[in-house]
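Enquirer: Below is the structure, and that's it, no one-letter string:
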């Protein structure tokens with residue numbers, strides 16, 4: 001009995017030391033309170049439970065295993081986006097923002113305690129297999145996801161390139177579960193693509209925000225703006241963009257906005273209250289912009305859409321965005337792992353909170369899948385219970401052929417590659433509507449200008 005108590009006491013001291021180390025050096029200021037007797041009592045209960053599990057649980061567990069799981073449980077109880085990252089998970093997170101990783105290509109979150117797809121990444125195994133925004137993942141390789149942490153789910157879904165994983169999903173409106181078998185592949189994090197829809201009308205797609213996104217956006221805009229036909233309008237596509245790096249979102253918005261606030265954050269600590277403003281020089285010209293969003297647009301993409309909307313720099317078209325408006329701070333820990341902790345909320349330039357509300361489009365246009373696609377599979381349902389697919393057609397499944405081979409094969413010029421395939425445009429009603437609005441823009445401007453001139457003449461008489 002004494003041995004058990006001694007072990008428990010030593011374990012308590014170890015846990016207390018661990019907590020103090022994680023918190024860093026603590027200096028008590030006037031009016032600050034040390035931990036209360038009740039706090040210490042609860043910590044003793046924690047170490048007592050730890051000791052009992054170690055001694056009596058049917059399978060042997062090490063203190064390291066138990067404490068790791070206890071920390072994971074504590075952090076995951078805060079909100080769906082906070083998490084304790086083991087050293088390996090922290091390395092994976094760093095890789096995601098820099099290059100590529102092996103998996104199926106989906107962004108997931110917890111919604112009402114259920115593992116839910118935010119959006120598939122276009123051209124990936126998940127996209128090709130028909131995974132949609134809003135799908136609820138009930139099982140991973142037969143293992144129930146109920147009670148599974150977000151990081152554990154990511155670990156089970158990822159794996160070596162060429163290996164298989166089966167996701168059992170429940171799509172809203174469907175009467176039964178559906179098994180989707182996916183072959184893991186290298187997920188290239190190519191975040192920017194661009195085309196000409198027609199002469200004078202450009203298309204810029206951002207699929208996520210990573211370290212080189214702004215650089216690629218600048219290159220894309222310069223290319224579109226250097227064509228023989230002057231650029232008359234641009235479609236900025238942020239559909240199914242799950243977000244990424246905050247600074248990249250700010251920098252991308254800064255390419256369209258020349259002054260004022262882009263986004264602000266507010267948290268409990270004064271250090272979390274920040275305001276990010278635009279710089280005077282923008283890459284984009286003074287042409288109209290239509291920004292496409294849907295229920296798969298989250299976080300960083302919502303920041304860009306909200307900034308463009310509040311500054312009247314773009315017309316937002318599509319359906320309401322996901323509504324992920326919280327800031328996660330990555331805090332490296334002593335064990336080489338990290339704490340991903342929600343520390344603040346995002347606000348648009350006008351002060352609108354994005355969290356749980358999202359960005360409402362100026363022009364609501366639900367996605368209508370092509371008839372042949374609707375005949376083959378259930379019409380997808382979004383997280384917001386909208387009738388959406390959210391998935392972009394994945395014509396970029398293969399690497400583009402080199403210029404000389406392409407020209408030799410079909411006689412096309414290098415410049416022809418810049419044009420979006422016509423069949424893709426026809427299958428995307430939201431994109432078609434955006435192009436129609438851009439074409440009508442000049443007409444409306446002329447009508448408004450004539451009306452103003454006529455009103456001025458009438459007033460002068």
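Expert: Great, that's in hand. Since this is a predicted model, take the numbers as computed values, not measurements. Numbers count the residues shown, from 1 in each chain.
Enquirer: Can you classify the nearest residue to residue 92 once chain neighbours are set aside as helix, strand or coil?
Expert: Nearest non-adjacent residue to residue 92, counting by Cβ to Cβ, 6 or more residues apart in numbering: residue 101, 6.6 Å away. The C-beta positions use only the backbone N, C-alpha and C, and glycine is treated the same way. Following DSSP: H, G, I helix; E, B strand; the rest coil, residue 101 is assigned to strand.
Enquirer: SS state for residue 251?
Expert: The three-state assignment at residue 251 reads helix, by three-state DSSP.
Enquirer: got a list of what it touches?
Expert: Residues in contact with residue 251 (Cβ atoms under 8 Å, 6 or more residues apart in numbering) are 213, 214.
Enquirer: Give me the pLDDT value at it.
Expert: Looking at residue 251, its pLDDT is 98.
Enquirer: And for residue 187?
Expert: You'll see residue 187 listed with a pLDDT of 82.
Enquirer: And for residue 287?
Expert: At residue 287, pLDDT is 97.
Enquirer: Just give me the neighbour total for it.
Expert: For residue 287, the neighbour count with other Cβ atoms under 10 Å is 16.
Enquirer: Quick check, it in contact with residue 233.
Expert: Yes. Counting by Cβ atoms under 8 Å, residue 233 is a contact partner of residue 287 at 5.4 Å.
Enquirer: what's around residue 354, how many residues?
Expert: For residue 354, using other Cβ under 10 Å, the count is 24.
Enquirer: so what's it up against?
Expert: Remark: with contacts taken as Cβ under 8 Å, 6+ apart, residue 354 is in contact with 302, 303, 306, 323, 324, 325, 345, 346, 347, 348.
Enquirer: Look up phi and psi at the third one.
Expert: Meaning residue 306. Dihedral pair for residue 306: phi -60, psi -40, per degrees, to the nearest 10.
Enquirer: before we move on, what about the fourth one?
Expert: Taking degrees, to the nearest 10, you get phi 90, psi 40 for the backbone angles of residue 323.
Enquirer: Where does residue 115 sit: helix, strand or coil?
Expert: strand.
Enquirer: I'd like the distance between it and residue 169.
Expert: Between residue 115 and residue 169 the computed distance is 10 Å (Cβ to Cβ, to the nearest Å).
Enquirer: Tell me where the chain is predicted with low confidence.
Expert: Filtered on pLDDT under 70, the chain yields the residue ranges 1-35, 96-100, 189, 371-416, 448-453, 456-457, 461.
Enquirer: which helix is the longest one in it?
Expert: Counting residues, the longest helix found in the chain (DSSP state H) is helix 429-460.
Enquirer: If we go by neighbour counts, what in it is buried?
Expert: By 16 or more other Cβ atoms under 10 Å, the buried positions in helix 429-460 come out as 430, 431, 433, 434, 435, 437, 438, 441.
Enquirer: OK, contacts around the first one?
Expert: By Cβ under 8 Å, 6+ apart, residue 430 lies in contact with 239, 292, 294, 317, 318, 365, 367.
Enquirer: Could you rerun that using 10 Å?
Expert: 235, 237, 239, 290, 292-294, 317-319, 361, 363, 365-368, 388 (Cβ atoms under 10 Å, 6 or more residues apart in numbering).
Enquirer: swap in the fourth one?
Expert: Neighbouring residues of residue 434 by Cβ under 10 Å, 6+ apart: 197, 201, 203, 233-237, 289-292, 315, 317-318, 363, 365, 428.
Enquirer: let's go with 8 Å and repeat that
Expert: Residues near residue 434 by Cβ under 8 Å, 6+ apart: 235, 290, 292, 317.
Enquirer: Can you add secondary structure, neighbour count and distance to residue 41 and give those residues back as CSV?
Expert: Below are the contacts of residue 434 laid out as CSV (DSSP: H, G, I helix; E, B strand; the rest coil; neighbours: other Cβ atoms under 10 Å; distance: Cβ to Cβ, whole Å):
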residue, secondary structure, neighbour count, distance to residue 41
235, strand, 26, 61
290, strand, 28, 60
292, strand, 29, 55
317, strand, 21, 57
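Enquirer: Show me which pair in those residues is furthest apart.
Expert: Across these, the longest distance by Cβ to Cβ is 8.7 Å; it joins 235 and 317.
Enquirer: Report the set of residues contacting both of those two.
Expert: Shared contacts of residue 235 and residue 317, counting by Cβ under 8 Å, 6+ apart, come down to 290, 291, 292, 434.
Enquirer: Excluding chain neighbours, give the residue nearest to the last one in space.
Expert: Nearest in space to residue 434, with sequence neighbours left out and distances taken as Cβ to Cβ, 6+ apart, is residue 290 at 4.1 Å.
Enquirer: Pull the distance from the longest strand along the chain to the chain's centre.
Expert: For the chain, the strand that runs over the most residues, judged by DSSP state E, is strand 338-347. Remark: strand 338-347 is offset 14 Å from the chain centroid, using Cα atoms, centre = their mean, to the nearest Å.
Enquirer: Just to be sure, residue 84 is in a helix?
Expert: No. Using three-state DSSP, the secondary structure at residue 84 is strand, not a helix.
Enquirer: Distance of it relative to residue 326?
Expert: Relative to residue 326, residue 84 is positioned 17 Å away (Cβ to Cβ).
Enquirer: Please identify which of those two sits among more neighbours.
Expert: The residue with more neighbours, out of residue 84 and residue 326, is residue 84; 24 against 21, by other Cβ under 10 Å.
Enquirer: any idea how far residue 127 is from the more buried one?
Expert: Separation of residue 84 from residue 127 (Cβ to Cβ) stands at 30 Å.
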